[in-house]
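Peer 1: Return atomic coordinates for the entry below.
(chains A and B)
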Protein chains: 2
Amino acid sequence: MKASWVPVPPGSDFTLANLPYGVFAPAGTPQAWRVGVAIGKHVLDLAGALGAEVFTAPSLNAFMAGGPSVWADTREQVTELLSEPRSARAVRAHLHPIADVRLRLPIEVADYADFYASEHHARNLGRLFRPDGPSLPANWKHLPVGYHGRAGTVIVSGTPVVRPTGQRRTAPDAAPSFGPSLRLDVEVEIGFVVGVPSALGTPVAVGDFAQHVFGVVLLNDWSARDIQSWEYVPLGPFLGKSFATSISPWVVPLSALDGARVSTPIQEPPPLPNLAESEPWGLDLRLQLELNGQIVSRPPYAQMYWSPAQMLAHMTSNGASLRTGDLFASGTVSGPDPGTSGSLIELTRAGTEPLTLPDGTSRSYLLDGDTVRITGAACSPDGARLGLGEVIGRIAPPIASVPPK
Amino acid sequence: MKASWVPVPPGSDFTLANLPYGVFAPAGTPQAWRVGVAIGKHVLDLAGALGAEVFTAPSLNAFMAGGPSVWADTREQVTELLSEPRSARAVRAHLHPIADVRLRLPIEVADYADFYASEHHARNLGRLFRPDGPSLPANWKHLPVGYHGRAGTVIVSGTPVVRPTGQRRTAPDAAPSFGPSLRLDVEVEIGFVVGVPSALGTPVAVGDFAQHVFGVVLLNDWSARDIQSWEYVPLGPFLGKSFATSISPWVVPLSALDGARVSTPIQEPPPLPNLAESEPWGLDLRLQLELNGQIVSRPPYAQMYWSPAQMLAHMTSNGASLRTGDLFASGTVSGPDPGTSGSLIELTRAGTEPLTLPDGTSRSYLLDGDTVRITGAACSPDGARLGLGEVIGRIAPPIASVPPK
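Peer 2: Numbers count the residues shown, from 1 in each chain, chains lettered A, B, ... in the order given. The predicted structure follows:
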């Protein structure tokens, strides 16, 4: 295993085996966006170090559009620069402490779709909302259920999340009223970022996943449960989700996750041929949800029923095309055990069993001022840890609604 | 009433009172996209005639971002150029026959959302699918129900529509199978195009509609009913819609529609304050659906329950921001009378009462090779007709699905 001449503190997310991509502006030049790679506590300016125009950009999109051979070449060059001691002298000028730079949304999001791929999550919600019926919808084991979300409100980690207002009912049969959401929740998810587009009318095969998907981010699909439960029949979630979706600033390349690939749980009934996998695209990612600095859940991504390759194949099975910058997310990651659910609605049984936190406070849903942080790491058979960074957000009080004119 | 020195044939959609915007490439320069305005059978090249850089662009977005005062100034200048005979000599060089140019998707679509704003349509579907329950969902009269669609598959009129493949059940309790949709349908809609963005966290008031919305298009929300009915519980339509959404190439500016503004039908219960209108934003648009050149329906837009100003206010009521290029559509336009529904599923009662066409053929849903054309016009109190152009699409056979690798 190579090491980097750049100091990488023990336990750092950003080792030489990781090399995630982000977009930053150096200190003192707040709009001079360029593509960088994180290593330890530093970011390497690729615009400076490699000199390619594609890196002098406010997003990764142009680079991502290059495809797997460009991604592999770049990764090889960066690995070389950061591991070869004789490169240090020339490269050092292009290293900036991460603490000194501004990070922005790393991708220009084209379409954003969200799935519902955790069986434990889907069953947990089914039991809460349909206690007398089957916990899974009839279609659930036949296809990865998904829907489109709002691309324009995908925000980078650290952006405050304003508590949304909306119509909700405060009692089951009450008339709706308009006001701040009273049931603001998180959803711990993994997001997949598309680099290479596909043609309209042509499905992408499960086996072509790595030809299109560039990398992964941590994602928090903030959810206003009260707004959502009132609006979602019959056309699905809309305003209950569209106010904000936070992603981590560092996109971990898919190729860095090779060691974390695992089979999905057994799928029964077997998927129809267009969703059948010939190689595993489950991922052993261990996630962690913190509320005000206190761990409240450890969702295991390896338990996800549908793989991201199956999600991608399904999403394009009707001929829908992909664009560079498309983002699709897994849906809430929840495991089978207590303390492994990726949302408060599950952890508190729809608010009926509030969580008591180590600091002595309790929560059913989020309060103004709460800070939510999701972290995670990929785990390899050799035990090496490959961190996914973090996605963080603090709840800001609602803005008073605009009176009609 | 001014007239244009450019010949405008009787009955033309594109009179001096209209002046819709599109993006075209002149004959012989297929990629030289620029913004134009349609007048009669010609398009005026604004890049040439007005010389502003914002018109040398492959979309209207930069122009639309300028806001209402820029839109008004430009409209005034174009009206002057096309009505003042002494301008003719200089301007004539910038006129191209529409028949000779290529037209492309006029906007770069940011987010695409679709509503469900026709009470007649919603009740028609409710009666078909929930014959024993209430025909409207509980929320329907309290808010304009909507959802996000796929922005990347919005296509311009004339683009072939490949019949989508997908999972569907051929009998109510059968196992799903994968194959071409057998219930391919149209939805006659009006789309609204956002020019001026809004800030994240700040709702847009109903009364600010015209500060943000630039204009309207005709829109066909192609729908695979069999795919949709199997997938849509619990997160709404996804692949049943995302394969294609067609829009007209000419965006009619909102200001051209002043004479067509009418009140929506009486709304009972009265909308909550953030959805209450102080001025009418219903529109008297008369639409027409043709199948292979034969009129099958005349949907009346004036009957829509929710106005587009209410849709916009609702869509941002949770703080979701707007971007230039956002497109939101009305949902299927259906009237109360026979022959006024905007979809085949309504016109044929879910395929049980096939339509017999004048050419002697019959249809439950669309067949390969069918051509669908939607046209429409705004009607003013003075009886003047202001045409919306057309959106047209022909069904191409399905591409064989990709085998798994």
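
Peer 1: okay, CA-based contacts and neighbour counts for the rest of this
Peer 2: OK.

Peer 1: Tell me where the stretch 101-250 of chain A has helices.
Peer 2: For the stretch 101-250 of chain A, the helices defined by DSSP state H, counting those that start in this stretch cover A:119-129, A:209-212, A:225-231.

Peer 1: cool, and the stretch 251-400 of chain A?
Peer 2: Under DSSP H, counting those that start in this stretch, the stretch 251-400 of chain A gives helices at A:308-316, A:344-347.

Peer 1: now the strand ranked longest in chain A: how far from the chain's centre is it?
Peer 2: When chain A is parsed with DSSP state E, its longest strand is strand A:385-396. Taking C-alpha atoms, centre = their mean, to the nearest Å, one finds the center of strand A:385-396 at 10 Å from the center of the full chain.

Peer 1: Ok, stretch A:39-58 next?
Peer 2: 23 Å.

Peer 1: Give me the buried positions along that stretch.
Peer 2: Using 16 or more other C-alpha atoms under 10 Å in any protein chain shown as the test for burial, stretch A:39-58 gives A:39-50, A:54-58.

Peer 1: which of the helices of the stretch 101-250 of chain A sits most buried?
Peer 2: Comparing these by mean neighbour count (mean count of other C-alpha atoms under 10 Å in any protein chain shown), helix A:225-231 comes out on top with a mean of 22.

Peer 1: Low-confidence ranges, the stretch 301-405 of chain A, go.
Peer 2: A:400-405 (pLDDT under 70).

Peer 1: of all the residues in the stretch 51-200 of chain A, which ones are close to chain B?
Peer 2: Taking C-alpha under 8 Å from any C-alpha of the partner chain as the measure of proximity, the stretch 51-200 of chain A contacts chain B at A:110-111, A:137, A:139, A:142, A:145-153, A:162, A:164-166, A:176-178, A:200.

Peer 1: Please narrow the residues you listed to those residing in strands.
Peer 2: For these, secondary structure assignment (DSSP E) places A:G146, A:Y147, A:H148, A:G149, A:V162, A:T165, A:G166, A:S177, A:F178 in strands.

Peer 1: I figured A:N220 hits A:V391, correct?
Peer 2: Yes - judged on C-alpha atoms under 8 Å, A:N220 makes contact with A:V391 at a distance of 7.2 Å.

Peer 1: which residues do these two both contact?
Peer 2: A:S246, A:I247, A:I374 (C-alpha atoms under 8 Å, 6 or more residues apart in numbering or on different chains).

Peer 1: tell me which of those residues is nearest to B:P299?
Peer 2: Nearest to B:P299 out of the shared contacts of A:N220 and A:V391 is A:S246 (C-alpha to C-alpha; 41.0 Å).

Peer 1: just how off-centre is the lengthiest helix in chain A within its chain?
Peer 2: In chain A, taking DSSP state H as the definition, the longest helix is helix A:68-83. Distance of helix A:68-83 from the chain centroid (C-alpha atoms, centre = their mean) equals 24 Å.

Peer 1: For that helix, buried residues please.
Peer 2: Applying a neighbour-count criterion of 16+ other C-alpha under 10 Å, one finds A:P68, A:W71, A:R75, A:V78, A:T79, A:L81, A:L82, A:S83 buried in helix A:68-83.

Peer 1: For chain B, see how far away the fifth one is.
Peer 2: In this structure, A:T79 and chain B are 31 Å apart, going by C-alpha to the nearest C-alpha, to the nearest Å.

Peer 1: Identify the bridge partners of the residue most central in space within chain A.
Peer 2: Nearest to the mean C-alpha position of chain A, by C-alpha atoms, centre = their mean, lies A:L219 at 2.7 Å. As for beta bridges, A:L219 partners with A:E189, A:I247 under DSSP bridges.

Peer 1: Model confidence for it, exactly?
Peer 2: According to the prediction, A:L219 has pLDDT 99.

Peer 1: I figured it hits A:G393, correct?
Peer 2: No - using C-alpha under 8 Å, A:L219 is not in contact with A:G393, being 10.8 Å away.

Peer 1: In the ones in strands among the residues of the stretch 51-200 of chain A next to chain B, find the pair that's most separated.
Peer 2: The largest separation in those, counting by C-alpha to C-alpha, is between A:G146 and A:S177 at 28.8 Å.

Peer 1: Please identify which of the two sits among more neighbours.
Peer 2: More neighbours surround A:G146 than the other of A:G146 and A:S177, with 28 against 14 (other C-alpha atoms under 10 Å in any protein chain shown).

Peer 1: and the gap between A:I266 and A:L143?
Peer 2: 14 Å (C-alpha to C-alpha, to the nearest Å).

Peer 1: which one of the helices of the stretch 251-400 of chain A has the most crowded surroundings?
Peer 2: Mean neighbour count (mean count of other C-alpha under 10 Å) peaks for helix A:308-316 among these, with a mean of 25.

Peer 1: okay, how far is it across stretch A:148-155, tip to tip?
Peer 2: 16 Å.

Peer 1: residues making contact with it?
Peer 2: Under C-alpha under 8 Å, 6+ apart, the answer for stretch A:148-155 is A:105, A:109-114, A:238, A:241-247, B:110-111, B:147-150, B:200, B:238, B:320-323.

Peer 1: Now that we have the shared contacts of A:N220 and A:V391, which of them are buried?
Peer 2: A:S246, A:I247, A:I374.

Peer 1: tell me which of those residues is nearest to B:L287?
Peer 2: Nearest to B:L287 among those: A:S246, at 40.9 Å, using C-alpha to C-alpha.

Peer 1: ok, the closest one - contacts?
Peer 2: By C-alpha under 8 Å, 6+ apart, A:S246 lies in contact with A:V154, A:I155, A:V156, A:S157, A:T159, A:L219, A:N220, A:D221, A:W222, A:V391, A:I392, A:G393.

Peer 1: Compare those residues and tell me which has the most neighbours.
Peer 2: With neighbours taken as other C-alpha under 10 Å, the top of the contacts of A:S246 is A:N220, carrying 33 neighbours.

Peer 1: From chain B, how far off is that residue?
Peer 2: To chain B, A:N220 is 16 Å away according to C-alpha to the nearest C-alpha.

Peer 1: wait, what's in contact with that residue?
Peer 2: A:N220 neighbours (C-alpha under 8 Å, 6+ apart): A:V186, A:E187, A:V188, A:E189, A:T245, A:S246, A:I247, A:I374, A:V391.
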